[in-house]
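Asker: show me the folded form of this:
(chains A and B)
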Amino acid sequence: MRAGENRVWLLHIAVVLVILALHFVLPPYHHGILARVMVLAILAMGYNFAFGYTGLLSLGHALFFGAGMYAMGLGITGLGLSPGIAVLFAIVCSVLVSAIIGSLALRTAGVSLMIVTLMFAQAGWYLILYFGEITRGDEGFVIPQAQRLVAGIDLADSNNRYLIALILFAIVLFTTLKLVRSSFGKALVAIRENEERAKMLGYNVFAYKLGAIIVSGTISGLAGAAYGLLFGYVGATFASVQYSILPLLWVLLGGASTILGPFVGTLFMTYLIDISSEFTEAYLLVAGVILVLLTLFARQGIVGEVKKRFAPWLP
Amino acid sequence: MTDYLKKKQSRRQVLGTLGAGALSASAISSMPGFVRYSQAQTSEPIKLGLQVHRTGIGAAYGRWYSRTTEAAAKFINDNGGINGRPVQVITEDDATDPKRGAEVVEKFESEHKCDVVFGTLFSHVVAGSAPRAGELKQPYFIVSEGTQLAAGGLNRYVMQPGITDVKSQVQSMAPFISKNLGKKVTMVFPDFAFGHDHRDFFSEAIAKQGGEVIAKIAIPPTESSFTKYFPQIPRETEVLYHVMVGPAVLTFVKELGEFFGSSSPAIFGFLDSLEAVDMASPGLEFLEGSYFWEGNPRYAQENQTEYDKFYRNAVGVDENGASVSDANDISTYSHMFGCWETMNIIKAGMEASGYKDVNDRSKLIEAVEAMTTIPASNAHPQGDKIFNGKTHQVFGHQYITQVKNSKLVLAHTTSIEDTFYPDAVDYTTQSF
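Answerer: Take a look at the predicted model:
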């Protein structure tokens, strides 16, 4: 058991170290892409916590991503907060938003949950557009470079951005790894597998599911705050429905209920679009065909298939 | 606009003179028989990255922005290129998405090694991309109409020398509307930033003309039926100002016609609503007699300039504003000239600054900042312009056309001065 435990931790530490090593060797373009992928993978990991481990199919995570992004952005430009405090503010806002949305949406389940979360996210997107005087609506706003300094570290610098993204990615990676292997995480998996049995065993299913939504939403909000701060732009696009669908897609591609799946799925999808767009204008068609093939022949996702065929010990 | 025309003798002024010289040279070099291609120190092409909306909501614009850019590249190359070097356009699709836009900016810089990036239209893509352009110290020439640039929201590497912004366009309409159509205006606009810009800028401008906006009707962006909003239009409305965009515009016009019948107020709209849409489309009959803002008249007018004739022919647009190869493929004529003119500004700036490679980017920015008057020419077929080096924004004539027999006929041309507004930023004070 101890050896297995070590193997899991060593694998994830190795992944982080490989990404750190890539910092020194990647060409600038791929260096920038990987920084962006790490931040978006945080969103995907947040999504995976609710969907993959708890079985809560949400189409509303754009709301959490956008809430974190706008709380951070408006915290800096509107409230005059420093970037570090603004990120903490964003985390607090994400906790509140996910707690409120979770407590309402979890009165439903299954397809209804999907629709309710989608509706909440659409309402959030409309609010951003409606209060355009504050949010600059669909156009969004830029966070000036001068306001993107944290303890003297310029986040507009590509090296700093990469390393900050890696630190945040690693924190979320290990936190979710710890959580899913804790009794809390195991209870979530039990609820996902058989909710009625979990109830009979005495678990407060609603409280556990709410906890999962809060963890998931907060991680997603952190991703939004990090994205806005590291890339200097806050916009309503990031609160639109596509940012509810994309994390679902990334997780399904990489492997739901695997810790590394969200990162692998985000990386794969990003490069699929990027590379196919170099060869044809119909790159979305190419991407679509490849996604269909993956769905048909690798139903567990990339990491999920690896887990199923070669490494059942993967968390 | 303040006193940027009254400069002390300085390096900027010298560059401005050089810029004007380059513009003149550009115009002269387009004359038949001009001896092309000077001897360049290198024959390496100047790489211009076109960030284009090939997919997503901006795809109709992107298609024509690409065509116009290719035509402009041919025009420039046929006339000696830039500093004797050919121009190569490298195109990347940003999917009309701010995230992808930023990635594309990085790709132009790191993968394609472009000298400058240009061509972005939708303002949210501009806002998402501009920070990366600034961080990469990459000149980023937008063709967007967005107001964020002149409001000071972007950075020194971002410039808009080829097309006016929404604030200019909207406020310059107010004198014509108040004098010719009426003073009590009801506005119908999409409930997002673009619509809010119209609401705010026009309300202010019409008030200065002694008029007023008596109702502001915001339409949610995903709305597909509009009849329920029309009862909100006050009976005393003299002018209905509309600026709907997106695929629902045909439904909007049809339902508007059904609501008003033959007793409608005067109608004024922005052609953004109907770019790439045939004015003879079924359902648009109700617009007969109404007025439109146009950035550049789609239909060849009676007083068509030789410059417009040349440009129209070069891009492959017929006298009705459609592709010469497909009469159903309507151009985005009110906006796409911005790509043509921006390309020629880049040429003029590079030639004025003696641009050789990316190490000269700051010289290029300074050269463009130093430009002032831009005379109409084959390089600038939309008309004369004045560039404000402080705000990085160009100002120019706007056109008001009337729908007659399903064609847009020129009714009024604004002065450039009608488009001026006070400076909100001085980018020249920002360091490179």
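Asker: remind me which residues of the stretch 101-250 of chain B are low pLDDT?
Answerer: Regions of the stretch 101-250 of chain B meeting the criterion pLDDT under 70 cover residues B:246-247.
Asker: near chain A, which residues of it? Just list them.
Answerer: Taking Cβ under 8 Å from any Cβ of the partner chain as the criterion, the stretch 101-250 of chain B approaches chain A at residues B:102-103, B:106-107, B:109-111, B:123-124, B:127-128, B:130-132, B:134-135, B:146, B:148, B:153-155, B:191-194, B:196, B:220-221. (C-beta placed from N, C-alpha, C; glycine too.)
Asker: what subset of those is buried?
Answerer: B:102-103, B:106-107, B:109-111, B:123-124, B:127-128, B:130-132, B:134-135, B:146, B:148, B:153-155, B:191-194, B:196, B:221 (16 or more other Cβ atoms under 10 Å in any protein chain shown).
Asker: the helix or strand of chain A with the lowest mean pLDDT: what's the following helix or strand?
Answerer: Taking mean pLDDT, DSSP states H and E as the measure, chain A has helix A:283-297 as its least confident helix or strand, at a mean of 86. Sequence order places helix A:302-309 as the next helix or strand after helix A:283-297, per DSSP states H and E.
Asker: burial check on whichever residue of the stretch 151-300 of chain A sits closest to chain B, number of neighbours?
Answerer: When scored by Cβ to the nearest Cβ, the stretch 151-300 of chain A has A:G232 as its residue closest to chain B, at 3.3 Å. Look at A:G232: counted by other Cβ atoms under 10 Å in any protein chain shown, it has 27 neighbours.
Asker: so what's it closest to, chain neighbours aside?
Answerer: Computed as Cβ to Cβ, 6 or more residues apart in numbering or on different chains, the closest residue to A:G232 that is not its neighbour in sequence is B:P131, at 3.3 Å.
Asker: how far away is that neighbour from B:H397?
Answerer: 32 Å (Cβ to Cβ, to the nearest Å).
Asker: how about the strands of the stretch 201-350 of chain B, start to end?
Answerer: For the stretch 201-350 of chain B, the strands defined by DSSP state E, counting those that start in this stretch occupy B:212-219, B:239-242, B:266-270, B:291-294, B:322-323, B:326-330.
Asker: got those as TSV, with mean neighbour count and distance to A:F268 columns?
Answerer: Formatted as TSV, the strands of the stretch 201-350 of chain B follow (neighbours: other Cβ atoms under 10 Å in any protein chain shown; distance: least, Cβ to Cβ, whole Å):
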stretch	mean neighbour count	distance to A:F268
strand B:212-219	17	39
strand B:239-242	25	45
strand B:266-270	22	42
strand B:291-294	24	45
strand B:322-323	18	39
strand B:326-330	14	37
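Asker: can you tell which of those strands is closest to B:H412?
Answerer: Ranking those by their distance to B:H412 (criterion: Cβ to Cβ) puts strand B:291-294 first, at 8.6 Å.
Asker: who does the closest one touch, helix- and strand-wise?
Answerer: Judged by 3 or more Cβ pairs under 8 Å, 6 or more residues apart in numbering or on different chains; DSSP states H and E, strand B:291-294 is in contact with strand B:266-270, helix B:333-353, strand B:399-404, strand B:407-413.
Asker: next structured bit after the second one?
Answerer: Which is helix B:333-353. helix B:361-369.
Asker: for the least confident helix or strand of chain A, packing partners?
Answerer: Helices and strands touching helix A:283-297, by 3+ Cβ pairs under 8 Å, 6+ apart, are helix A:242-254, helix A:261-279.
Asker: which bits of chain A sit near chain B?
Answerer: So far as Cβ under 8 Å from any Cβ goes, chain A lies against chain B at A:27-29, A:32-33, A:36, A:126, A:129-130, A:132-133, A:136-145, A:156-158, A:231-233, A:235-238, A:273-274, A:277, A:281, A:283-284.
Asker: ok so, going back, may I see the strands of the stretch 201-350 of chain B organised as JSON lines, with distance to B:S281 added?
Answerer: Shown next, in JSON lines, are the strands of the stretch 201-350 of chain B (distance: least, Cβ to Cβ, whole Å):
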{"stretch": "strand B:212-219", "distance to B:S281": "20"}
{"stretch": "strand B:239-242", "distance to B:S281": "16"}
{"stretch": "strand B:266-270", "distance to B:S281": "15"}
{"stretch": "strand B:291-294", "distance to B:S281": "14"}
{"stretch": "strand B:322-323", "distance to B:S281": "12"}
{"stretch": "strand B:326-330", "distance to B:S281": "9"}
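Asker: quick one on the thing from earlier: the helices and strands packed on helix A:283-297: which one's closest to A:A170?
Answerer: Closest to A:A170 of these is helix A:261-279 (Cβ to Cβ; 10.9 Å).
Asker: show me what contacts residue 142?
Answerer: Using chain A here. Contacts for A:V142 were tallied using Cβ atoms under 8 Å, 6 or more residues apart in numbering or on different chains; they are A:G232, A:Y233, A:V234, B:A127, B:A130, B:P131, B:Q148, B:G153, B:L154.
Asker: correction: the question concerned chain B.
Answerer: Applying Cβ under 8 Å, 6+ apart, we find B:I142 in contact with B:F118, B:G119, B:T120, B:L121, B:V126, B:A130, B:L149, B:V158, B:M159, B:Q160.
Asker: state the distance from the most centrally placed residue in chain A to chain B.
Answerer: Centroid-nearest residue in chain A: A:L43, 1.0 Å away (criterion: Cα atoms, centre = their mean). Distance, A:L43 to chain B, using Cβ to the nearest Cβ, to the nearest Å: 12 Å.
Asker: so that residue is in which element?
Answerer: Using DSSP H and E, A:L43 falls in helix A:28-51.
Asker: got the angle for that helix vs helix A:242-254?
Answerer: 90 degrees (axes from the mean of the first three to the mean of the last three Cα atoms, to 10 degrees).
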